[in-house]
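In: this one's structure only:
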């Protein structure tokens, strides 16, 4: 008998197909991959994981938001994947915070990673402290620490989208996002506080599809530029969209991910 899935772990497709793990961005959940799941469910075993504090996942348990690290996030991911496909290589698909988590999983070999498709991994820890792009995002991160969660969330959402975006959202969505402000602060703490350096990612010697948006923010653009200099097997594509491309422009993003996954699934099968 198969053990019950942990809360916030979503499975689609057949377990005898190549396994793909889907990791979403901050202020989101596995639902952001809904269109991609529909395209892949016939040919892949899809494991969508709501990250701590989002969707149906439990809240993160740390003494303070500043203390949160990737090492608090990843054990639950590893446990879920090991339960569902023990010893089977997986392909990681990640966006933003989820893509940075994917890099951690691959670098430390916490899972047997076959390949990765990443849209703008915001691994801000690879940027020098004096880099203007890091200083830009640190200013946004600092706003998450204020007591006014509405103002903090508005600043975060508008930064990654456009001015006025948050105010245009339905009130129900705004309230949900505001309730997740503490986890966003934790995400920033993890992204800034990860101990690995840029050079360490030279050890991620698996095929990586690195997708970026031409209309993205300087912080995300700079991280992508740095990573493409060190990842040994990286294929970079810039698309006509912003940082939230997997949600706003899935018609541009998803075909490239599907093609990448199909190619590496065939290669692993010897076809």
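Out: Arrived safely. Model, not experiment: these values are computed from the prediction.
In: which other helices and strands does the host helix or strand of residue 72 contact?
Out: Here residue 72 sits within helix 70-84, counting by DSSP states H and E. Contacts defined by 3 or more Cβ pairs under 8 Å, 6 or more residues apart in numbering; DSSP states H and E place helix 70-84 against strand 9-12, strand 19-23, strand 45-49, helix 97-107, helix 181-193. All C-beta atoms are positioned from the backbone trio N, CA, C, and that covers glycine.
In: ok and that helix relative to strand 19-23, angle-wise?
Out: 150 degrees (axes from the mean of the first three to the mean of the last three Cα atoms, to 10 degrees).
In: give me the contact list for helix 70-84.
Out: Outside helix 70-84, the residues within contact range by Cβ atoms under 8 Å, 6 or more residues apart in numbering are 3, 5-6, 9, 11, 15, 19, 21, 23, 45, 47, 49, 51-52, 57, 60-62, 90, 100-101, 104-105, 110-111, 190, 194.
In: pLDDT on it, on average?
Out: For helix 70-84, mean pLDDT is 96.
In: and the next helix or strand past that helix?
Out: Past helix 70-84, the next helix or strand by DSSP H and E is strand 90-95.
In: burial measure for the closest residue in space to residue 40 that isn't next to it in sequence, as a count.
Out: The shortest distance from residue 40 to any non-neighbouring residue, by Cβ to Cβ, 6 or more residues apart in numbering, is to residue 46 (5.9 Å). As a burial measure, residue 46 scores 23 neighbours (other Cβ atoms under 10 Å).
In: likewise residue 190?
Out: Residue 190: 25 neighbours (other Cβ under 10 Å).
In: swap in the one 5 residues further on?
Out: Applying the criterion other Cβ under 10 Å, we find 9 residues in the vicinity of residue 195.
In: where does it land in three-state SS?
Out: Under the three-state scheme (DSSP: H, G, I helix; E, B strand; the rest coil), residue 195 adopts coil.
In: and it, what pLDDT?
Out: The model's pLDDT for residue 195 equals 95.
In: in the helix holding residue 72, what counts as buried?
Out: Buried positions in helix 70-84, judged by neighbour count with 16 or more other Cβ atoms under 10 Å: 70, 72-74, 76-77, 80-81, 84.
In: so for this structure, the centremost residue is which one?
Out: Computing the C-alpha centroid of the chain and ranking residues by Cα atoms, centre = their mean puts residue 98 first, at 1.5 Å.
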